[in-house]
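1. This is a predicted model, with the sequence first.
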Amino acid sequence: MDFVDAHCHIISEDTARYPKAPIGGKQSEWAATRPVTAEGMLARMDDTGIAQAVLVQATTNYGYDNSYVLDSSRRWPDRFVAVGTVDPLRPDAATSLKSAVGDGGLAGVRLFTSGSTVPTQGEWFVAPETFPFWEQAAELDLPVCLQMRLGAATGQLVELLERFPGVKVLLDHIGYPDITASPAQAGADVAALGTHPGLHLKLTHRNLERLRDAGEQAGEFLGPVVEAFGAGRIAWGSNLPAAEQSLPELRALAEGVVAELPEQDRREIFAGTARRLYPGLARA
């Protein structure tokens, strides 16, 4: 089985070259206590049998300064692509986005609307001021990772997907559906979004741990979600080192949870989807 990690983070030891500038003004606990450098990530990938990875900007450490993920992807272009964080509310967001992609540039972008240092779910990602950004992302065929929580903001997500159907949106951690309360209900809620062809799901330990704990009921979530989206719109990401487990443990967790899916579906989730979303990985 081939593996691509579609969601991991790196942090440099060189704070002079790559200074901290976290969104929200507060560094996340994991970034402070268990950072992993690009070299460290490569070593872990080699030990775990993971061929390539998508370096997602450590927003809670670097904010909008994407220098480290870009420098690392340029240094190891056969192993990494970079996804950077941007501010779509800036008047020059569309122009900046166009100049940031291309050969050696960003392979995708991330909007951080909720998280450890942003406890209140922002709904600004569909404000009219962001429309030029979304139009440019669609024109560039650039994947946009959306860190958000389903619930109150789901309506804004649907509005976004209907207004910009050509944009590829990756829902980080599947939007944190409440699998613990009811796998079946969480599965139905997520599956309902599958009618939007541009929406993709990022399956990480945030979901996989809940599915493991659900035991046989895990299928009540996975079944309808995979049926609605197809495995070709689902990608696995470790979320290392935000996840406390080691990379081999995170891979084993994912393999265990999706073990009952057909082999072709597992191939898509573990590598195929990521390589289609990020053609630079396929070319490498």
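-> The structure has been received and is ready for your questions. Numbering: from 1, shown residues only.
2. ok, so what distance separates Thr48 from Ala31?
-> From Thr48 across to Ala31, the span is 21 Å (CB to CB, to the nearest Å). (Each C-beta comes from the backbone N, C-alpha and C, glycine too.)
3. do Ile174 as well
-> Shown here: Ile174 relative to Ala31, a distance of 22 Å by CB to CB.
4. again with Gly25
-> According to CB to CB, Gly25 stands 13 Å off from Ala31.
5. Ok, Ala231 next?
-> Ala231 is 32 Å from Ala31, by CB to CB.
6. now swap in Ser99 and tell me
-> Separation of Ser99 from Ala31 (CB to CB) stands at 28 Å.
7. Between these two, which is the more surrounded one?
-> Set Ser99 next to Ala31 and count neighbours by other CB atoms under 10 Å: Ala31 wins out with 22 against 11.
8. tell me the secondary structure for the more buried one?
-> The assignment at Ala31 comes out as helix when based on DSSP: H, G, I helix; E, B strand; the rest coil.
9. Over to Asp178?
-> Applying three-state DSSP: Asp178 is coil.
10. swap in Val109?
-> strand.
11. Pretty sure it sits against Thr85.
-> Yes - contact criterion CB atoms under 8 Å: Val109 and Thr85 qualify, at 7.1 Å.
12. Looking at these two, which is more packed in?
-> Taking other CB under 10 Å, Val109 and Thr85 do not tie; Val109 has more neighbours (26 against 23).
13. Stretch 248-268 - what's its average pLDDT?
-> If you average the pLDDT over stretch 248-268, you get 98.
14. Alpha carbons of that stretch, in PDB - could you do that?
-> Provided in PDB are the C-alpha atoms of stretch 248-268 (Å, rounded to 0.1, in the frame of the first residue of the first chain):
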ATOM      1  CA  PRO A 248       3.600   4.600  12.900                       C
ATOM      2  CA  GLU A 249       0.900   4.700  15.500                       C
ATOM      3  CA  LEU A 250      -1.100   7.200  13.500                       C
ATOM      4  CA  ARG A 251      -0.800   5.100  10.300                       C
ATOM      5  CA  ALA A 252      -1.800   2.000  12.200                       C
ATOM      6  CA  LEU A 253      -4.800   3.800  13.600                       C
ATOM      7  CA  ALA A 254      -6.000   4.800  10.200                       C
ATOM      8  CA  GLU A 255      -5.400   1.400   8.600                       C
ATOM      9  CA  GLY A 256      -7.300  -0.300  11.500                       C
ATOM     10  CA  VAL A 257     -10.400   1.900  11.200                       C
ATOM     11  CA  VAL A 258     -10.700   1.600   7.400                       C
ATOM     12  CA  ALA A 259      -9.700  -2.000   7.200                       C
ATOM     13  CA  GLU A 260     -13.200  -3.200   6.100                       C
ATOM     14  CA  LEU A 261     -13.300  -0.800   3.100                       C
ATOM     15  CA  PRO A 262     -12.400  -2.300  -0.300                       C
ATOM     16  CA  GLU A 263      -8.700  -2.200  -1.200                       C
ATOM     17  CA  GLN A 264      -9.300   0.300  -4.000                       C
ATOM     18  CA  ASP A 265     -11.000   2.700  -1.600                       C
ATOM     19  CA  ARG A 266      -8.100   2.400   0.800                       C
ATOM     20  CA  ARG A 267      -5.600   3.100  -2.000                       C
ATOM     21  CA  GLU A 268      -7.500   6.300  -2.800                       C
END
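15. Wait, a strand at Ala192?
-> No - using three-state DSSP, the secondary structure at Ala192 is helix, not a strand.
16. in stretch 229-242, what's buried?
-> Within stretch 229-242, the residues scored as buried using 16 or more other CB atoms under 10 Å are Phe229, Ala231, Arg233, Ile234, Ala235, Trp236, Gly237, Ser238, Asn239, Leu240, Pro241, Ala242.
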